[in-house]
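Peer 1: Sequence plus the predicted model coming up.
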Amino acid sequence: MPLQGFCSFLCCRHGFTVLGRDYGEKEEEESFELRSKEDEATCNGRGPLDITLTQPGRTANGPSSRSEIPEEMRSLIIEKSKGAIEEDAETVVKGWLYREVRGGWIKMRRHWFVLTQDSLDFYTSNEKNAKRLGSLVLTSLCSVIWPDKQSYKETGNWSIMVYGRKHSYRLYTKHFNEAVHWACAIQKVIDSKAPVETPTQLLIRDIEENKFNPEAVGHIYKHNPILKHTQSPLYASLLPFPYASLEHTFHSAKGYTTLRDEAVKIFNSLQQLESAQDPVSLIQGVLQTCLDLRPLRDEVYCQLVKQTSGTPSPDTPAQLRYWQLLTCMSCTFLPSLSILKYLRFHLKRVQSQYPDTEMDNYATFISEAIGKTKGREYVPSWEEILVLMNRQEMFCTIHYPGRGSCKLPIRSHTTADEVVKKMKERLGLQLSRNIFALFEGNTYKERAVGGSTIVADILTRFENLAAKEPESEHQWKLCFKLYCFLDTDSVPKDSIEFTFLFEQSHAMVIQGHLFTSEEDLQLLAALRLQSLNGDFSTHTPSPPLEELFPRHVIEARALALVKTAPAKPACCPSRFLTGALHAGLWNHTAVHKIKAEDDLRFRARLKEEGASMMASIVESWKTLQGRAREDVMSVYISVVKQWPGFGSTLYEIDFYISSTGSFSQRLWLGVAATSVSLYRQGDPEPLESIHYGQISSYGVSDSTTFKITAGDREFLFETSKLNEIAQLMTAYITSAHRTQRPSQRTGSENFALGSPVQELSSHPV
């Protein structure tokens, strides 16, 4: 059969056939096959294809025989593209370069290099009949690493790295332009090469073409051991990967070598699963490698499909380990479209071959999972893997204000939006006009979770943080809370939403995010005590002062009293060292002594002020005798509402500057339902207030700067809370626009009023 322009290949240690074309029954045998575009039409007839195997090769003076084929060409299939370069192509670039030599005392040797359309060769000299010392065949999988300053600093030469299948050349030159010229030329030759395909890829394509012909598909599987389960090791990857090492990437710190080597290592890990006592760590390691090295995901899917096809003992615990890993993969990453089609076909085939078995149950679970899986930022946690291995749901504890919590069933694809919706349904908050969100935090930190965030990723992060600090008392948790305070007046006093409002208002008071007088703060602390403990009793334990009253207020009072108190003069020893040495030593010692004394005085004064404040709070508490909890909570809310900025979420601003030139440091930026306001710390009146109707655009200006444009005015804020500010402003502005157009709302928009954080970057209004 005539063929127009073809290349041949040597199969990677696995024989394979296409339907009736047999090229080796054993996996260990090496086999050959040629495919070109013209042959595909003939393949539909499924007749045998007789081809005389040839391999393109070169000697120093011309084409070589079959025995001199470079090893780089013997593993993969190369489809020759139209207009392919003939073997006697002209030289592209030639010149003198230094090549790194390993293993000897000479580090670099000078050779004459010749780049052709097929290979990069080097010779003893530039004479016509010079001996060729080596050759690196160039395919589409070769790669070039460009010159960098680090190697120039170390060696005084500019270097480029050329990677082939078995060999790599590190080449040096004194001139940067020459190094770039060689790198560009080699890359251009690589880019001109036709894509390389492996036997597995060709077989997957044939299966896709014949998926409605069970007999043909069965014939493919029967005569191609590379598609079926094996106990033998894998010596090459099932899919093609670039030859470059990963040492020049940020993954090198984790010990990765090349993608091809990592693929072989993963297959070895898969085989260890069959006898592993604890498979979770192995599964987590494979998933972590796939997370770090994205190209390996398709490879691992192909390996798992291979190991779950034609299994000698289906439904045994050892064989089901592959299905358990495949389940975890399907809930973490999605393969590319072609491999996804192959996976879906494999699952349907297993379901038809093994109905009402564990394999059937896993295939059904995986089919549902891949339809819902989104990109994950983290690999599944230990708990999640155990749950997935048994095809069960995972339970997540969600806390809410008032020291309440509940457990919700979630899956690997459950988002924060979905959790918020479930919590609103469980707590009866569907009709609330306020917006709720999921928060992650501990004793010191708290931040809103984006609506599209995968909850399982958050739990994995919590597991990682707990592993780093196992003895920490401040563990991270998920909380369901009010996010946007849109309507605080019509909240029923006997509802759980009012409890949310009360608890979150008290949290604002303790954090110093509510500006009011000290007398009001004492009253609020007494109201808090009455709501927690009821009427005063000497037998009732009271919470610590830090949970009732803002600590920074007491610290400010204690510090002011310490500064105004006269300090005792420090005595200088009269008969000690004299001169400059005496003065220097005495000053250093005196400073430390004075600081230590000041610290002791401050601690003593702080303790006294705390006791005095607690006594005043208890006296106020006694006056609330007989007041019911709902009544006390209502009074508490009425007091905090006296601040005009009530309902604002405050963010600390390190630096602020306006377009008029005014600037300030250490401010609070309050994001509320109708406006954005600037406050001096401790001042209840806003320094500047910008209504949302005046804002034309807002967003992140750079890594630490937030910018708001209102008409011809611009406001720049330096803060670490850039994304949180933008998300909250977006939620308020979006809600305001929907409120202005009630007649245009759809069903989905009505739900959006209660949806959590929206994730947008920089936006015009």
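Peer 2: Structure's in. What do you need?
Peer 1: Nearest residue to the middle of this protein?
Peer 2: Centroid check for the chain by Cα atoms, centre = their mean gives residue 377 as the closest residue, at 3.1 Å.
Peer 1: Look at that one and give its secondary structure.
Peer 2: coil (DSSP: H, G, I helix; E, B strand; the rest coil).
Peer 1: what residues are up against the closest residue to it other than its chain neighbours?
Peer 2: Excluding the flanking residues, the one nearest residue 377 by Cβ to Cβ, 6 or more residues apart in numbering is residue 457, at 4.9 Å. C-betas here are computed from N, CA, C, even on glycine. By Cβ atoms under 8 Å, 6 or more residues apart in numbering, residue 457 lies in contact with 376, 377, 378.
Peer 1: Can you tell me which of the residues you listed comes closest to residue 362?
Peer 2: Checking the contacts of residue 457 against residue 362 with Cβ to Cβ, the nearest one is residue 376 at 19.8 Å.
Peer 1: Setting aside sequence neighbours, what's the nearest residue to that closest one?
Peer 2: Excluding the flanking residues, the one nearest residue 376 by Cβ to Cβ, 6+ apart is residue 332, at 5.0 Å.
Peer 1: mind checking the backbone torsions on that neighbour?
Peer 2: Note on residue 332: its backbone torsions stand at phi -120, psi -50 [degrees, to the nearest 10].
Peer 1: how many other residues sit next to it?
Peer 2: For residue 332, the count of nearby residues is 27 (other Cβ atoms under 10 Å).
Peer 1: Tell me which helix or strand the residue nearest to residue 377 sits in.
Peer 2: helix 455-468 (DSSP states H and E).
Peer 1: Check residue 342 too.
Peer 2: Per DSSP H and E, residue 342 falls inside helix 337-353.
Peer 1: longest helix anywhere in this structure?
Peer 2: helix 579-622 (DSSP state H).
Peer 1: Helix or strand next in line after that helix, which one?
Peer 2: Where DSSP H and E defines the elements, the next helix or strand beyond helix 579-622 is helix 629-640.
Peer 1: So which residues make contact with the following helix or strand past that next one?
Peer 2: Sequence-wise, the next helix or strand downstream of helix 629-640 (DSSP H and E) is strand 649-658. Strand 649-658 is contacted from outside by 508, 513, 663-672, 678-679, 688, 713-721, 724-725, 728, using Cβ under 8 Å, 6+ apart.
Peer 1: returning to what we had before: please list all residues in contact with the residue nearest to residue 376.
Peer 2: Neighbour list for residue 332: 287, 290, 291, 373, 376, 379, 380, 412 [criterion: Cβ under 8 Å, 6+ apart].
Peer 1: same deal with residue 409?
Peer 2: Shown in contact with residue 409 (Cβ under 8 Å, 6+ apart): 393, 394, 395, 396.
Peer 1: what about the third one, which helix or strand?
Peer 2: Secondary structure assignment for residue 395, by DSSP H and E: strand 394-400.
Peer 1: If you count neighbours, what's buried in stretch 715-729?
Peer 2: For stretch 715-729, the buried set under the neighbour-count rule, 16 or more other Cβ atoms under 10 Å, comprises 715-719, 721-729.
Peer 1: Tell me which of these fall in strands.
Peer 2: Among these, DSSP state E puts 715, 716, 717, 718 in strands.
Peer 1: what are the bridge partners for the last one, then?
Peer 2: Using DSSP bridges, the beta-bridge partners of residue 718 come out as residue 655, residue 705.
Peer 1: Could you check how far it is from residue 706?
Peer 2: Using Cβ to Cβ, to the nearest Å, residue 718 is found at 8 Å from residue 706.
Peer 1: What of residue 344?
Peer 2: Taken as Cβ to Cβ, the span from residue 344 to residue 706 is 46 Å.
Peer 1: With residue 434 instead?
Peer 2: Separation of residue 434 from residue 706 (Cβ to Cβ): 25 Å.
Peer 1: repeat for residue 349
Peer 2: For residue 349, the distance to residue 706 equals 54 Å [Cβ to Cβ].
Peer 1: so residue 554 sits in a helix?
Peer 2: Yes: counting by three-state DSSP, residue 554 is part of a helix.
Peer 1: what residues are up against residue 558?
Peer 2: Residue 558 is in contact with 602, 605, 606, 608, 609, counting by Cβ under 8 Å, 6+ apart.
Peer 1: in which helix or strand would I find it?
Peer 2: Here residue 558 sits within helix 551-564, counting by DSSP H and E.
Peer 1: Could I have the CA atoms of that helix written out in CSV?
Peer 2: Taking Å, rounded to 0.1, in the frame of the first residue of the first chain, the C-alpha atoms of helix 551-564 are listed here in CSV:
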residue,chain,number,x,y,z
ARG,A,551,-9.6,45.3,76.4
HIS,A,552,-8.1,48.2,74.5
VAL,A,553,-10.1,50.7,76.5
ILE,A,554,-8.7,49.4,79.8
GLU,A,555,-5.2,49.3,78.4
ALA,A,556,-5.4,52.9,77.3
ARG,A,557,-6.6,54.0,80.8
ALA,A,558,-3.8,52.0,82.5
LEU,A,559,-1.1,53.4,80.1
ALA,A,560,-2.3,57.0,80.6
LEU,A,561,-2.1,56.6,84.4
VAL,A,562,1.4,55.0,84.2
LYS,A,563,2.7,57.9,82.1
THR,A,564,1.3,60.5,84.5
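Peer 1: got the angle for it vs helix 579-622?
Peer 2: Relative orientation of helix 551-564 versus helix 579-622 (axes from the mean of the first three to the mean of the last three Cα atoms, to 10 degrees): 130 degrees.
Peer 1: Now helix 551-564: average pLDDT?
Peer 2: For helix 551-564, mean pLDDT is 83.
Peer 1: Figure out how far it is from the centre of its chain.
Peer 2: A distance of 44 Å separates the centroid of the chain from that of helix 551-564, by Cα atoms, centre = their mean, to the nearest Å.
Peer 1: Mind listing what's buried along that helix?
Peer 2: Neighbour-count burial for helix 551-564 [16+ other Cβ under 10 Å]: 551, 553, 554, 557, 558, 562.
Peer 1: How about stretch 705-714?
Peer 2: Going by neighbour count (16+ other Cβ under 10 Å), the buried part of stretch 705-714 is 706, 707, 708, 709, 710.
Peer 1: Leaving out the residues flanking it, which one is nearest to the second one?
Peer 2: When the adjacent residues along the chain are set aside, residue 707 lies closest to residue 701, with 4.1 Å between them (Cβ to Cβ, 6+ apart).
Peer 1: Ok, the first one next?
Peer 2: Here the nearest residue to residue 706 in space, its sequence neighbours aside, is residue 717; by Cβ to Cβ, 6+ apart that works out to 4.5 Å.
Peer 1: pLDDT weak spots in the stretch 1-150 of the chain?
Peer 2: Within the stretch 1-150 of the chain, the stretches with pLDDT under 70 are 1-90, 103-106.
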